[in-house]
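Colleague: What follows is a predicted structure for the sequence shown.
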Amino acid sequence: MTWRVLVADDEPAARRGVRQLLTAHPDYEIVAECRNGEETLAALDRARPDVVFLDVQMPGLGGFDVIRRRTPERMPVTVFLTAFDQFAVSAFEAEALDYLVKPVTAARFAATLARVARQLAAIRAGAHQSRSDARFVVTTARGATVVHARDIDWIEAADNYARIWTGARSHLIRESLTDLERRVRPLGFVRAHRQALIRLDGVRELKRVGEGELVAVLVSGAEVPIARRRRAAISAALRGAAG
């Protein structure tokens, strides 16, 4: 199938560069080009791209502003473009899949598209797989058991592993939180903070505690802190789910 691409960059030469690089990858079709953040936000709704190549610095709203307005949960697969490399950490914190420094070489672009293809395949598989059918095999003292995604309340990092919580019980899975996030995001999980993912439809309420801290109270009774920079996105995602 053909994947829909949006290119957002205020420099015509940069947009042309992405367009030329994509000619070697016929599975991708540019459906919109934007010069600033306002145009990008409108095009995301109008063109419904699967992938967006997003410039960090644009007139008015920059790339990070676009994601804050849109929320990470409602963004397509995102690859940041920039002439500077000091934004790399911020880009990955904004949940971008990759980060390209202009000018982009054909080899580097091809490597990025390989990552994009894997992510899109995972999203497509998730869209065709009901939550009741999504399963994870975990090791136990007696061998192995199957945990259904619908039963998982939240997931936390545990060094190079991840710990899956189902009520008061937990299981270790031999997978990093970052890799596991790619698998469970299409199933309704979002990042609460750097070390934890929560299932949106398992959130009972958001509660303020202490000195302005916010926690997600889960149906299981567990309370997971919400990072300050994640509050708006999670609140918006919960409102969207309720609507």
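Modeller: Yes, it's here. Residues are numbered from 1 along each chain as shown.
Colleague: Which is the succeeding secondary structure element to the worst-scoring helix or strand of the chain on mean pLDDT?
Modeller: Lowest mean confidence among the helices and strands of the chain (mean pLDDT, DSSP states H and E): helix 88-93, at a mean of 59. Proceeding N to C from helix 88-93, the next assigned helix or strand is strand 98-101, under DSSP states H and E.
Colleague: Against which helices or strands is that following strand packed?
Modeller: With contacts taken as 3 or more CB pairs under 8 Å, 6 or more residues apart in numbering; DSSP states H and E, strand 98-101 sits against strand 77-82, helix 88-93, helix 106-127. Every C-beta, even on glycine, is put in place using the N, C-alpha and C of the backbone.
Colleague: can you tell me which of those comes nearest to Glu181?
Modeller: Across the helices and strands packed on strand 98-101, Glu181 has its closest neighbour in helix 106-127 (10.4 Å, CB to CB).
Colleague: Next, the angle strand 77-82 makes with the closest one.
Modeller: Here helix 106-127 points in a direction 150 degrees away from that of strand 77-82 (axes from the mean of the first three to the mean of the last three CA atoms, to 10 degrees).
Colleague: Buried residues of helix 106-127, list them for me.
Modeller: 109, 112-113, 116-117, 119-120, 122-123, 126 (16 or more other CB atoms under 10 Å).
Colleague: again, but for stretch 9-25
Modeller: For stretch 9-25, using 16+ other CB under 10 Å, the buried residues are 9-10, 14-15, 17-18, 21-22, 25.
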